[in-house]
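1. what follows is a predicted protein model with its sequence.
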Amino acid sequence: METIISLDKIVKNYYIGSITVEALRSVDIDIKRNEYVAIMGPSGSGKSTLMNLIGCLDTPSKGDYYLNDKLVSQMNDDELARIRNKEIGFVFQTFNLLARATAAHNVELPLVYNGTESEVRKRKAREALRMVDLEDRATHKPNELSGGERQRVALARALVNNPSLILADEPTGNLDTKTGQEIMRIFEKLHRQGNTLIIVTHEHDIATYADRIIYIRDGAIEKEERKKN
């Protein structure tokens, strides 16, 4: 299977005055196309830093990061913004939806940013909402939707550009257990349809939906587990 993500000896340091904080210490990870991976770790372990690097929201202090054979660790801010818009679909714990926009318009936003024409945007938004079983709520605004429906809108927005990778940060963190399970079933469906998924979570029961769990502690990979078939 083709490798979509390759992290080679990734180091991320933060500087607070004269103090150096090692957030990531020589991290090596390869992720294949259509893999379903969870990244787990306690607060302060480095998992959010790792997610930001994989999502091209930050760059490493040292090491190489390849996404679809592109060396993104050496890109400038404009190049990283293009990669984020084209290659990566983000799903956040807090949904990050525009309050005054309909579900459909929220889903269209990545296409607005890349200049897709109106009719194509509307068609792709409908298709993405259909993928998350929410087409009948397209004209509703976020305050007219349940928490689970809002997260499904956010997931549709992540899918609308047909990205190489879906990156989800604590996607069930603001949801009750039953609704969280519904969202994870949608992730499973998307994985079966061929999507590459990475979920960052501190909840072990959520991580077990993935085929592979990477545990991070003190900025380094502690261990990995693979689901037994």
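-> All right, it came through fine.
2. quick one: the helices in the chain?
-> 47-54, 77-87, 103-113, 118-131, 147-159, 177-192, 204-207 (DSSP state H).
3. what's the longest one packed up against?
-> The reference is to helix 177-192. Applying 3 or more Cβ pairs under 8 Å, 6 or more residues apart in numbering; DSSP states H and E, we find helix 177-192 packed against strand 36-40, helix 147-159, strand 197-201. C-betas here are computed from N, CA, C, even on glycine.
4. most tightly surrounded among the helices of the chain?
-> helix 147-159 (a mean of 25; mean count of other Cβ atoms under 10 Å).
5. contacts for that one next, please.
-> 89-92, 95-97, 103, 106-107, 109-110, 125, 128-129, 131-134, 137, 140, 142, 145, 166, 168, 171-172, 174-176, 179, 182-183, 186-187, 190, 195 (Cβ atoms under 8 Å, 6 or more residues apart in numbering).
6. repeat that for stretch 126-145.
-> Applying Cβ under 8 Å, 6+ apart, the contact partners of stretch 126-145 are 95, 97-104, 106-107, 125, 149-150, 152-153, 155-157, 159-160, 186, 190, 193.
7. buried residues in it?
-> 126, 128-129, 131-132, 134-135, 137-138, 140-142, 145 (16 or more other Cβ atoms under 10 Å).
8. average pLDDT for that stretch?
-> Stretch 126-145 shows a mean pLDDT of 93.
9. out of the buried residues of stretch 126-145, flag the one nearest to Asn34.
-> Using Cβ to Cβ, Met131 comes nearest to Asn34 of these, at 16.0 Å.
10. one step back: let's have the helices and strands packed on helix 177-192 in JSON lines, adding distance to Pro60.
-> Output for the helices and strands packed on helix 177-192, formatted as JSON lines (distance: least, Cβ to Cβ, whole Å):
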{"stretch": "strand 36-40", "distance to Pro60": "16"}
{"stretch": "helix 147-159", "distance to Pro60": "24"}
{"stretch": "strand 197-201", "distance to Pro60": "17"}
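11. relative to Arg25, which of the ones you listed is closest?
-> Proximity to Arg25 (Cβ to Cβ) singles out strand 36-40 among the helices and strands packed on helix 177-192, at 15.3 Å.
12. now the closest one against strand 197-201, angle please.
-> Between strand 36-40 and strand 197-201, the angle comes out at 20 degrees (axes from the mean of the first three to the mean of the last three Cα atoms, to 10 degrees).
13. for strand 36-40, name the packing helices and strands.
-> helix 47-54, helix 177-192, strand 197-201, helix 204-207, strand 212-217.
14. how much space between the residue positioned nearest the centre of the chain and Val91?
-> Nearest to the mean C-alpha position of the chain, by Cα atoms, centre = their mean, lies Leu167 at 1.1 Å. Taking Cβ to Cβ, to the nearest Å as the measure, Leu167 falls 7 Å from Val91.
15. now do the same for Gly173: its pLDDT.
-> You'll see Gly173 listed with a pLDDT of 85.
16. so Ser146 touches Glu182, yeah?
-> No. Using Cβ atoms under 8 Å, Ser146 is not in contact with Glu182, being 10.2 Å away.
17. buried sites along stretch 86-105?
-> Within stretch 86-105, the residues that count as buried by 16+ other Cβ under 10 Å are 87-93, 95, 97, 102-105.
18. for the residues you listed, work out which two are farthest apart.
-> Glu87 and Thr102 (26.3 Å).
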